[in-house]
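J.: task: produce atomic coordinates for the following.
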Amino acid sequence: MGEKDSETAPIWGKPQQRESSNIHPVNIEPSTQSGQHRSLNRSRGGSYAERGRGVKEFRSWFPWLIPCFVIANVVVFVITMYVNNCPKKSGDCFAGFLGRFSFQSTRENPLLGPSSLTLRTMGGLEVKKVVKGDEGWRLLSCNWLHGGVVHLLVNMLTLLFIGMRMEREFGFIRIGLLYLISGFGGSILSALFLRSNISVGASGAVFGLLGGMLSEIFINWTIYSNKVVTIITLVLIVAVNLGLGVLPGVDNFAHIGGFATGFLLGFVLLIRPHYGWINQRNAPLGKPHKYKMYQVILWTVSLLLLLGWFIVGLISLFNNVDGNKHCSWCHYLSCVPTSRWSCNREPASCTTTQLGNQLRMTCLRNGKSGSYILANPSDSRINSLCVQLCR
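T.: Next comes the predicted model:
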């Protein structure tokens with residue numbers, strides 16, 4: 001399903017070019033090779049695509065799963081905004097002409113999206129509910145929610161650009177698993193270190209694709225010619241994105257966890273036969289093993305590390321382990337405080353007093369107080385005012 005007959009070269013970088021004498025660039029064929037054998041090898045053509053014809057790992061696939069993921073994320077965001085219903089629940093809205101789909105005030109949510117209360121209701125990652133409320137499903141559901149239009153656009157454009165190209169080369173099963181499992185790994189690390197915030201977004205899964213893209217080059221080292229340039233480019237892209245993750249309000253732990261999970265998973269899911277096997281697979285004499293020893297070692301070590309990470313991470317999470325107590329500097333990986341912003345991630349909490357139509361509210365975090373003329377305000381409206389007061 002989803003497979004096409006056309007053949008393609010490797011996804012990242014140029015393929016190794018075959019010499020007319022059919023000598024492998026690394027492993028030279030035995031000098032005793034018969035003239036008939038050399039003639040047969042030359043007749044198979046000189047292009048990498050021709051040598052890869054019929055090899056399952058190099059067939060081109062029609063990318064349909066990644067677009068489905070994008071559509072699903074957009075649909076979930078629309079449903080979230082419908083549930084949010086800012087005009088009725090909060091009153092203080094941005095882009096009111098959108099009616100029920102208008103955004104929370106930019107003072108509360110600068111990303112143009114719903115309230116934190118709505119994100120919690122829809123399945124945002126909240127550690128207390130996962131550990132004490134037996135709501136482990138939030139580790140998965142949070143990957144389909146987004147904090148706003150800006151958040152959604154950035155993630156979906158990146159997913160389309162990277163994901164469709166990878167699905168075309170590796171198929172929907174492997175890329176689908178890479179995406180979903182990476183998102184899950186990002187959620188685990190986020191829950192271990194961000195103990196008080198609600199975390200949402202597909203960023204962990206998207207970073208997992210970047211991690212898989214990088215490890216795929218290492219485990220399929222022999223089939224690429226410009227791999228060093230490609231690796232440097234990928235490392236720079238990841239470094240820039242992780243650097244932006246130290247800004248307040250960004251869950252960089254989900255990025256790091258997703259990337260690390262995807263990097264290990266790439267060694268397991270995206271392994272391909274090495275150059276020599278493809279070059280000699282139809283030879284009448286003995287051919288080399290399909291995978292080189294270094295590929296087998298990387299595959300085995302990565303699988304063991306991946307299983308160990310999930311076992312240790314889940315046991316620690318459901319035993320309510322706070323990662324910050326075991327790593328005093330790790331919080332800087334997600335936010336670096338400066339004179340312009342604070343990294344205080346404590347949830348907004350306020351005391352309220354209602355006297356007639358007057359609501360008086362005091363933020364417990366910063367001590368600020370405010371008075372509002374409201375009659376019978378909803379819980380959502382009170383929460384929205386508290387978030388604004390505590391900023």
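J.: nearest residue to residue 167 other than its sequence neighbours?
T.: Once flanking residues are discounted, residue 167 sits nearest to residue 63: 4.0 Å by Cβ to Cβ, 6 or more residues apart in numbering. Heads up, the C-betas are built off the backbone N, CA and C, glycines and all.
J.: so how many other residues sit close to that neighbour?
T.: Residue 63: 20 surrounding residues under other Cβ atoms under 10 Å.
J.: quick one, what contacts it?
T.: Neighbour list for residue 63: 2, 163, 164, 165, 167, 168, 172 [criterion: Cβ atoms under 8 Å, 6 or more residues apart in numbering].
J.: pretty sure the last one contacts residue 68?
T.: Read it as residue 172. No: Residue 172 is beyond contact range of residue 68, at 9.0 Å (criterion: Cβ atoms under 8 Å).
J.: neighbour count winner among those two?
T.: A direct count of neighbours by other Cβ under 10 Å for residue 172 and residue 68 places residue 172 higher, at 19 against 12.
J.: mind checking pLDDT for that one?
T.: For residue 172, the model assigns a pLDDT of 95.
J.: relative to residue 180, how far out is it?
T.: Applying Cβ to Cβ, to the nearest Å, the value for residue 172 to residue 180 is 12 Å.
J.: so residue 203 versus residue 231, what's the distance?
T.: From residue 203 to residue 231 the distance is 22 Å (Cβ to Cβ).
J.: same question, residue 381
T.: 51 Å.
J.: what of residue 246?
T.: 23 Å.
J.: likewise for residue 103?
T.: 40 Å.
J.: the two - which one has more neighbours?
T.: residue 103 (23 against 16).
J.: doesn't residue 96 make contact with the more buried one?
T.: No: counting by Cβ under 8 Å, residue 103 does not reach residue 96; the two are 9.2 Å apart.
J.: and residue 250, that one's in a strand?
T.: No: secondary structure assignment places residue 250 outside any strand; it is coil (DSSP: H, G, I helix; E, B strand; the rest coil).
J.: surely it touches residue 334?
T.: Yes: Residue 250 is within contact range of residue 334, at 7.2 Å (criterion: Cβ under 8 Å).
J.: and these two? which has more neighbours close in?
T.: Counted by other Cβ under 10 Å, residue 250 and residue 334 do not tie: residue 334 has more neighbours, with 25 against 19.
J.: name the nearest residue to that one, sequence neighbours excluded.
T.: Residue 334's closest residue in space is residue 252 (Cβ to Cβ, 6+ apart), at 4.0 Å.
J.: now swap in residue 168 and tell me
T.: Nearest to residue 168 is residue 63, by Cβ to Cβ, 6+ apart, at 4.9 Å.
J.: helix/strand/coil for that neighbour?
T.: coil.
J.: what segments of the stretch 151-300 of the chain are helices?
T.: 172-193, 203-219, 227-244, 252-269, 275-280, 293-318 (DSSP state H, counting those that start in this stretch).
J.: residue ranges with poor pLDDT in this structure?
T.: 1-57, 247-249, 282-287, 339-348, 365-366, 391 (pLDDT under 70).
J.: tell me which residue is most central in it.
T.: Nearest to the mean C-alpha position of the chain, counting by Cα atoms, centre = their mean, stands residue 205 at 2.0 Å.
J.: and that residue, how far is that from residue 353?
T.: 44 Å.
J.: over to residue 262?
T.: Distance from residue 262 to residue 353, by Cβ to Cβ: 50 Å.
J.: who's more crowded, those two?
T.: For residue 262 versus residue 353, neighbours defined as other Cβ under 10 Å are more numerous around residue 262 (30 against 10).
J.: who touches the more buried one in this structure?
T.: Residue 262 sits in contact with 178, 182, 185, 207, 208, 209, 210, 211, 212, 215, where contact means Cβ under 8 Å, 6+ apart.
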